[in-house]
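**Q** Have a look; sequence and predicted model below, questions after that.
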Amino acid sequence: MDEIEKITLRDEVFIDLARAAMVRVNNLAEKLSATGVTGFLRVVLGRNTPEITVQQQAGDEETETPGRVTYGLKIAVYYGSSIPETVRHLRQAITEEVESITGYQVERIDVLVERWAHYNSEVTEETSVEP
């Protein structure tokens with residue numbers, strides 16, 4: 001029997017792919033520029049990037065079953081943006097990026113809109129967002 005070679009992807013690969021996909025999505029406050037002292041501090045303190053968690057299950061090369069991945073995201077959106085539309089675009093962008101590059105199937109992307117942001121100000125503290 002031939003030995004099957006295995007490819008393993010670290011969670012950081014999936015996180016980086018999600019961040020790359022997020023760049024293409026409008027109305028996400030995490031894309032605030034990192035200019036000046038305030039921007040630099042946001043990046044250093046982690047206020048400029050979303051929290052992303054990943055759970056993955058490797059595929060089976062022998063049966064050609066693809067791996068699966070599930071995401072959990074905490075994001076901030078700009079005030080006045082359509083939250084359902086923004087989240088739909090976010091899910092679509094991440095799914096396309098991950099599936100085309102890794103061959104893994106994106107099973108689910110859970111999104112928590114944690115904060116609002118105003119276009120000309122910092123991300124506000126946690127604000128309740130009702131559906």
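**A** Yep, that arrived.
**Q** From now on I want contacts and neighbour counts done on CA atoms only, so please keep to that.
**A** Noted.
**Q** Please name the nearest non-neighbouring residue to the residue nearest in space to the middle of the chain.
**A** Nearest to the geometric centre of the chain sits Ala18, at 4.0 Å (Cα atoms, centre = their mean). Distance criterion Cα to Cα, 6 or more residues apart in numbering; nearest residue to Ala18, sequence neighbours excluded, is Ile94 at 5.3 Å.
**Q** now the host helix or strand of that neighbour: mean pLDDT?
**A** Element membership for Ile94, per DSSP states H and E: helix 83-102. Helix 83-102 shows a mean pLDDT of 96.
**Q** give me the low-pLDDT residue ranges for this structure?
**A** 1-4, 30-49, 120-131 (pLDDT under 70).
**Q** show me where it has helices.
**A** Ranges of helices in the chain, per DSSP state H, are 11-22, 36-44, 83-102.
**Q** Could you check the angle the longest one makes with helix 11-22?
**A** Translated: helix 83-102. 130 degrees (axes from the mean of the first three to the mean of the last three Cα atoms, to 10 degrees).
**Q** who touches helix 83-102?
**A** For helix 83-102, contacts defined as Cα atoms under 8 Å, 6 or more residues apart in numbering pick out 14, 17-18, 21-22, 24-28, 77, 104-106, 109, 111.
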